[in-house]
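Participant: Coordinates for the following, if possible.
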Amino acid sequence: AKEPRVFEADIAMLGERDAATCCHSRATGEWARRLCAAMAMAPESAALIKLCAVLHDIGKVSTPEAILLKRGPLTDAEWVVMRDHSAAGQRVLDQIPTLSRCALIVRAHHERWDGAGYPDGLAGENIPFEARVVAVADAFHAMISERPYRKAIPPRQALEILETGRGTQWDPAVVDVMLGLFARSRGARPLARASTA
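Facilitator: Now for the predicted structure:
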């Protein structure tokens with residue numbers, strides 16, 4: 001089929017610029033697949049979400065290397081440039097007919113449940129459901145991975161951060177599914193609800 005070849009070419013192109021982002025993209029796809037399986041989603045819907053998860057950072061092909069690969073914290077001005085990657089991802093995918101259905105989902109993967117995200121300030125169920133799943137998968141793997149501007153954190157701490165942002169940064173139902181994956185896999189009780197005060 002044509003679609004896998006195009007999709008693999010896009011990821012290979014991103015990998016040539018930034019191997020870490022390429023690895024993160026593939027891992028985000030795998031976490032999204034696990035979330036979809038836990039939600040018993042229809043195979044076609046799950047496949048779309050996994051594809052969007054793998055492609056979520058494709059817009060970073062337009063991010064200057066001095067920012068993308070910078071060691072240490074980004075300045076406010078650099079964050080403005082970095083944050084354009086979600087909209088850039090839409091622009092890239094809109095030009096590829098076999099992947100254009102991913103464009104708006106990729107654009108929305110940094111929107112927040114409380115409306116404080118970017119690039120469009122969407123909130124709650126106005127954010128495409130697929131993007132809400134990708135956002136949780138993306139955030140979790142990003143937190144447990146080494147980034148140029150910060151160290152990785154342990155999975156347990158990443159789960160606690162997800163829970164703290166449940167209903168503000170992320171869709172609470174999707175966060176609950178992620179927490180449930182770990183509770184089931186370790187036979188542990190779910191984390192206690194974090195205070196929203």
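Participant: I'd say Gly117 and Gly124 touch.
Facilitator: No: at 11.2 Å, Gly117 does not count as touching Gly124 under the criterion of C-beta atoms under 8 Å. For the C-beta atoms, the positions are set from N, CA and C on the backbone; glycine is no exception.
Participant: What helix or strand is the residue sitting nearest the centre point of the chain located in?
Facilitator: Geometric centre of the chain, nearest residue: Asp138, 2.8 Å, by C-alpha atoms, centre = their mean. Using DSSP states H and E, the element containing Asp138 is helix 129-143.
Participant: Would you indicate which residues of that helix are buried?
Facilitator: By neighbour count on 16 or more other C-beta atoms under 10 Å, the buried set for helix 129-143 is 130-143.
Participant: continuing past the helix or strand harbouring Glu160, what's the next helix or strand?
Facilitator: Per DSSP H and E: Glu160 is located in helix 155-164. Downstream of helix 155-164, the first helix or strand assigned by DSSP H and E is helix 172-186.
Participant: neighbours around Gly167, how many?
Facilitator: As a burial measure, Gly167 scores 16 neighbours (other C-beta atoms under 10 Å).
Participant: Report the contact partners of the residue lying closest to it once chain neighbours are set aside.
Facilitator: Of all residues not flanking Gly167 in the chain, Trp113 sits nearest, at 6.1 Å (C-beta to C-beta, 6 or more residues apart in numbering). By C-beta atoms under 8 Å, 6 or more residues apart in numbering, Trp113 lies in contact with Ala123, Gly124, Ile127, Arg132, Gly167, Thr168, Gln169, Trp170, Asp171, Pro172.
Participant: re the thing from before, which one of Gly117 and Gly124 is surrounded by more residues?
Facilitator: It is Gly117, of Gly117 and Gly124, that has more neighbours when counted by other C-beta under 10 Å, with 22 against 13.
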